[in-house]
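Trainee: Build me a model from this:
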Amino acid sequence: MKAGAARVLMIAAAVMIFGSSTVFACPVCFGAEETPMIEGAKLGVLLLLAITLAVQGGFVGFFLYLRKRAKRIADIDLDTEWSELQRGPRTS
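Mentor: Next up is the predicted model:
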């Protein structure tokens, strides 16, 4: 295990020292300005943000709907209970 790990570290060090810096960089990271790849990356980020906001908006809307529905049901239950109290005691 130690010999394998040492070999991997030596190869990684050699690549870092003797390798060209352009080998490691894609056009986006290397500094190309306004290429189609950069435009695509920007649109991808915007699309992911839009999807995230839409999903979060759906959750907010769903919980607001549940809150409204619970309030409506509570009002109906309160009205029913109040109606029963207004009738007075039932005698047989």
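
Trainee: Next, count neighbours for I38.
Mentor: 13 (other CB atoms under 10 Å). For the C-beta atoms, the positions are set from N, CA and C on the backbone; glycine is no exception.

Trainee: same check, this time on the one 5 residues further on
Mentor: Counted with other CB under 10 Å, residues neighbouring L43 total 10.

Trainee: So it versus A50, what's the distance?
Mentor: From L43 over to A50 the distance is 10 Å, taken as CB to CB, to the nearest Å.

Trainee: so what secondary structure elements neighbour the top helix by length along the chain?
Mentor: Ranked by residue count under DSSP state H, the longest helix found in the chain is helix 36-87. Helix 36-87 sits against helix 27-30, with contacts defined as 3 or more CB pairs under 8 Å, 6 or more residues apart in numbering; DSSP states H and E.

Trainee: I'd like the average pLDDT over the longest helix of the chain.
Mentor: Averaged across helix 36-87, the pLDDT comes to 92.

Trainee: center of this structure - which residue?
Mentor: T52 (4.9 Å; CA atoms, centre = their mean).
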